[in-house]
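Novice: Any chance you could fold what I've pasted below:
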Amino acid sequence: MRLDSYRTFHRAIQRIRLLYEVTVHSYNLMYNDGRVRLRDPAEREAKVEITLAAKVVKRPLKVLTFHAKDVYPQLLRSTLLIRLVAAFEAFLVDTIEEVAERSDGPFESDTRLELSYRQLLAMEREHSVKSHLVRRTTRQLTSGGFKEIKKFYQSTLKVQIAPSGMSGQVLDEIHDRRHLYVHRSGYADGQYIHDYPGSAARVNELIPVEEAYLLDALDSLSATALHVKTQVE
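Specialist: Sure, this is the predicted structure:
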């Protein structure tokens with residue numbers, strides 16, 4: 001059994017890594033070039049023309065130059081962290097769907113469901129009770145987040161998500177930091193402080209996504225996905 005879900009995730013993580021590297025390189029060029037130009041007093045109010053697909057916009061050289069040093073890279077890293085975790089969770093859910101295509105095992109339980117007449121008729125039209133069960137399960141897992149997905153893997157698939165030698169808290173923290181950026185613009189709340197006292201963060205304090213953190217997260221989720229793939233296959 002070879003997982004298409006892993007190939008999709010592996011491609012996504014390679015693109016995220018390359019996007020970061022190429023964009024940071026562009027920021028460095030922008031910063032270095034801008035500093036040289038701004039030494040000339042005549043350039044201090046200059047505009048930079050940026051060609052988009054539909055139009056050309058003009059932005060202040062001074063703003064682009066100095067934001068390229070720290071503001072833009074930090075925003076890029078936090079955005080890529082959100083995309084990275086989304087791709088990882090999609091991999092875990094897609095893997096469950098692939099397992100379901102080959103085996104009824106994960107869904108053979110005594111759990112009882114309430115179904116409406118509409119749902120029963122839809123299942124009759126589709127000729128598949130199993131498809132309904134799989135969709136219902138994956139929707140619940142997606143809504144429940146990483147902790148529910150991890151619980152399903154451990155209890156139902158008998159798969160440990162965290163590789164040997166990697167603390168499960170590492171994966172939890174990556175997901176929880178992503179959660180802060182999605183719902184609190186990256187500012188810590190009491191729950192995060194309680195769960196990760198070693199972070200030294202304070203409530204309502206911005207938790208930055210530094211370069212080393214993003215690269216470590218890429219490596220950790222890449223290793224975790226390979227670990228899951230190996231166990232499932």
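Novice: okay, CA-based contacts and neighbour counts for the rest of this
Specialist: Will do.
Novice: Now stretch 17-34: buried residues?
Specialist: By neighbour count with 16 or more other Cα atoms under 10 Å, stretch 17-34 contains the buried residues 17, 20, 24, 27-28, 30-31, 34.
Novice: quick one: which of those is nearest to Val228?
Specialist: Using Cα to Cα, Arg17 comes nearest to Val228 of the buried residues of stretch 17-34, at 20.7 Å.
Novice: Could you look up the SS state of the closest one?
Specialist: Under the three-state scheme (DSSP: H, G, I helix; E, B strand; the rest coil), Arg17 adopts helix.
Novice: show me the contacts for it.
Specialist: 215, 218 (Cα atoms under 8 Å, 6 or more residues apart in numbering).
Novice: what's stretch 165-185 in contact with?
Specialist: Contacts for stretch 165-185 (Cα under 8 Å, 6+ apart): 78, 81-82, 85, 146-147, 162, 186-189, 192, 196, 217, 220-221.
Novice: Also stretch 211-218?
Specialist: Taking contacts as Cα under 8 Å, 6+ apart, the residues outside stretch 211-218 that touch it are 13, 17, 77, 81, 84, 174.
Novice: Dump stretch 185-202 to CSV, keeping only the CA atoms.
Specialist: C-alpha atoms of stretch 185-202 as CSV (Å, rounded to 0.1, in the frame of the first residue of the first chain):
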residue,chain,number,x,y,z
SER,A,185,-2.9,37.1,15.4
GLY,A,186,-0.1,35.3,17.2
TYR,A,187,-0.7,36.7,20.7
ALA,A,188,-0.4,34.2,23.6
ASP,A,189,-3.4,33.4,25.7
GLY,A,190,-3.7,31.8,29.2
GLN,A,191,-4.1,28.3,27.8
TYR,A,192,-0.9,28.5,25.8
ILE,A,193,1.0,29.9,28.8
HIS,A,194,-0.3,27.1,31.0
ASP,A,195,0.5,24.3,28.5
TYR,A,196,4.0,25.6,27.6
PRO,A,197,5.5,27.3,30.6
GLY,A,198,9.0,27.0,29.1
SER,A,199,8.1,29.4,26.3
ALA,A,200,8.5,32.3,28.8
ALA,A,201,5.7,34.1,26.9
ARG,A,202,3.2,36.3,28.7
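Novice: need the helices for this protein, in chain order.
Specialist: Counting by DSSP state H, the chain has helices at residues 4-38, 61-67, 71-102, 117-126, 129-144, 146-152, 168-183, 190-195, 211-232.
Novice: hmm, back to that, what's the most distant pair in the contacts of stretch 211-218?
Specialist: Arg17 and Ile174, at 16.2 Å, using Cα to Cα across the contacts of stretch 211-218.
Novice: Just name the shakiest helix or strand of this protein by mean pLDDT.
Specialist: helix 117-126 (a mean of 74; mean pLDDT, DSSP states H and E).
Novice: how far is it from where the chain is centred?
Specialist: Offset of helix 117-126 from its chain centre (Cα atoms, centre = their mean, to the nearest Å): 35 Å.
Novice: Could you do stretch 145-162 as well?
Specialist: 17 Å.
Novice: Need the contact partners of it.
Specialist: 89, 92-93, 106, 141-142, 168, 171-172, 175, 224, 227-228, 231-232.
Novice: quick one: least confident of these?
Specialist: Ranked by pLDDT, the contacts of stretch 145-162 bottom out at Pro106, which has 70.
Novice: and the spatially most central residue of the chain, how far is that from Asp33?
Specialist: Centroid-nearest residue in the chain: Val85, 1.7 Å away (criterion: Cα atoms, centre = their mean). Using Cα to Cα, to the nearest Å, Val85 is found at 34 Å from Asp33.
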